[in-house]
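Novice: Got a predicted model here, sequence first, then my questions.
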Amino acid sequence: MKHTLLATTALVAMTGAAAAEITISGTARIGMVTTEGAAATTGAATAGALTATDVQTLTYLESVYAPGGAASAFAGTAAYAAADIAAAELDEIQAGIVTAKALVVTETATAAALNTPVGTANATLAQAVADVATLEALLVKALGSVAPANTAKAKDTTVGKNRVRISFAGSGETDGGLTYGFSARADHSNTTTGGTQYISGAFGKITMGDLDGGDEQMVGNLSGVGSSGAGSHQEFGYQSSSHNIGYSISMAGVSFAATTDLVRGADATKTGSNSAMGLKWSSDMGGATIGIALGTSKIGTVSEDSMSASVSVGGLSIKAVSHSNDNGPATSAGAVQTATVAYVAEAAAANLDTDTTGLSLSYAMDAMSVTAYTRTESTSGVTDKDYSGVGFTYDLGGATLKAGFVDANDISVMDFGVNFSF
């Protein structure tokens, strides 16, 4: 095996520093990823339903258009499933539409006789037109939605995956014993990605730059497969992944990390909380390395809690991760009155919790290792999303052959390639 070392180490003399070191290394990969196209779908009508706000809207409109202002048969604050809506109540909606349309005809004739543009001087006409549209929309909703169109199976795709990264790292130590350093990289040799800088001592370590949140640093993700990650579905999507300042410390097998994002740019969180922290314990027991980690973060009004447990013994590594996101407080539906529409329903957002769990196993034997993982996302009222993958790597000495197959919620992904390190 011939291996040409491109990385270099430079010792640089610095005033006031005992020593400073800069290293250069690189990684690259070539390969391809094949992704199965989405399956064909068959349209199916969904059952109609009226929310409490819809019922309030009907109650109001029927009081306007019912003969003699008769009261609506709908309960003013109740929500109705399709099966609960009586035929007489559907008749009420249709009767209201007939009355509103009659008013539209009458007012249109009046506007024409007076040569008045529709919706300009005749507010009654404009209101009646809007009310007809509202009533017709609610009738369609009560009867059930129209079936969506059938869709054909999407085509499978195969794309090439190649990349090169040059990484730079520096470290040094002051005469007083403080350690400092940085890491950065260049992608495809002509673009840069913001790196990180740190200073550490007995007090711990302070880091700035492009950081994962403290919870992600401690809890982590599952082991992935494939040359380029095959979609990286083994990752948990921590909301704290864009923090720029952090503190960490380790002692007696316990590690702690806390991070936040000092406002930078228009897309940074400017209100509410913006913090993350994690705690990890690890120890060797009878030849096995065991780790348990807990993490939490709060960005704005959305909080996340996570935990992981891992064990490594011999060539076997097992890790389990659990993740819960509360998605923020629920918002209730409402109704507002405008100049042209009697009542417009505002969408309600339940913001239901999302729980994600996963497990990965890896086994290394000589130059080959095999990895498998499974991960499930569960949100109340929504069909679970399931991801699983299996793959292998073979060390060629400086280059590594990697292949992986992933079932990404019923979409197949195959990832194959060779990864290099320099």
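Specialist: Great, that's in hand. Numbers count the residues shown, from 1 in each chain.
Novice: can you map out the strands along the stretch 51-200 of the chain?
Specialist: 80-81, 157-174, 179-187, 191-201 (DSSP state E, counting those that start in this stretch).
Novice: Nearest to residue 413, out of the ones you listed?
Specialist: strand 157-174 (10.2 Å; Cβ to Cβ). Every residue, glycine included, has its C-beta placed from N, CA and C.
Novice: how about that closest one: buried residues?
Specialist: 161, 165, 166, 167, 169, 170, 171, 172, 173, 174 (16 or more other Cβ atoms under 10 Å).
Novice: Pick the one among those residues closest to residue 49.
Specialist: residue 161 (45.3 Å).
Novice: Check whether that closest one really touches residue 35, as I assumed.
Specialist: No: contact criterion Cβ atoms under 8 Å: residue 161 and residue 35 do not qualify, at 11.4 Å.
Novice: State which helix of the chain is the longest.
Specialist: helix 87-113 (DSSP state H).
Novice: Mean confidence (pLDDT) on it, please.
Specialist: Taken as a whole, helix 87-113 has an average pLDDT of 80.
Novice: quick one on the thing from earlier: residue 362 is nearest to which of the strands of the stretch 51-200 of the chain?
Specialist: Residue 362 lies closest, by Cβ to Cβ, to one member of these: strand 157-174, at 21.9 Å.
Novice: OK, contacts around the nearest residue to residue 317 once chain neighbours are set aside?
Specialist: With Cβ to Cβ, 6 or more residues apart in numbering as the criterion, residue 317 has its nearest non-adjacent residue at 4.6 Å, and that residue is residue 362. If you count contacts by Cβ atoms under 8 Å, 6 or more residues apart in numbering, residue 362 has them with 223, 316, 317, 369, 370, 371, 372.
Novice: Quick check: pLDDT value at the spatially closest residue to residue 235 that is not a sequence neighbour.
Specialist: Leaving aside its chain neighbours, residue 235 sits nearest to residue 221 (4.6 Å; criterion: Cβ to Cβ, 6+ apart). For residue 221, the model assigns a pLDDT of 96.
Novice: Pretty sure residue 221 sits against residue 233.
Specialist: No: with contact defined as Cβ under 8 Å, residue 221 does not count as touching residue 233 (10.1 Å).
Novice: So what sits opposite residue 319 in the bridge?
Specialist: Taking DSSP bridges as the rule, residue 319 bridges to residue 310, residue 360.
Novice: Pull the contacting residues for residue 376.
Specialist: Residue 376 neighbours (Cβ under 8 Å, 6+ apart): 356, 357, 358, 384, 385, 386, 387.
Novice: Now for the fifth one, how many residues are close by?
Specialist: Here the neighbour count serves as a burial measure; for residue 385 (other Cβ atoms under 10 Å) it reads 16.
Novice: swap in the second one?
Specialist: By other Cβ under 10 Å, 15 other residues sit near residue 357.
Novice: just the first one next, same as before
Specialist: Burial of residue 356, expressed as a neighbour count using other Cβ under 10 Å, amounts to 20.
Novice: can you give me the helices for this structure?
Specialist: Secondary structure of the chain, counting by DSSP H: helices at 52-65, 87-113, 123-143, 214-219.
Novice: list the helices and strands the longest one packs on?
Specialist: Right, the one you point to is helix 87-113. On a contact count with 3 or more Cβ pairs under 8 Å, 6 or more residues apart in numbering; DSSP states H and E, helix 87-113 meets helix 52-65, helix 123-143.
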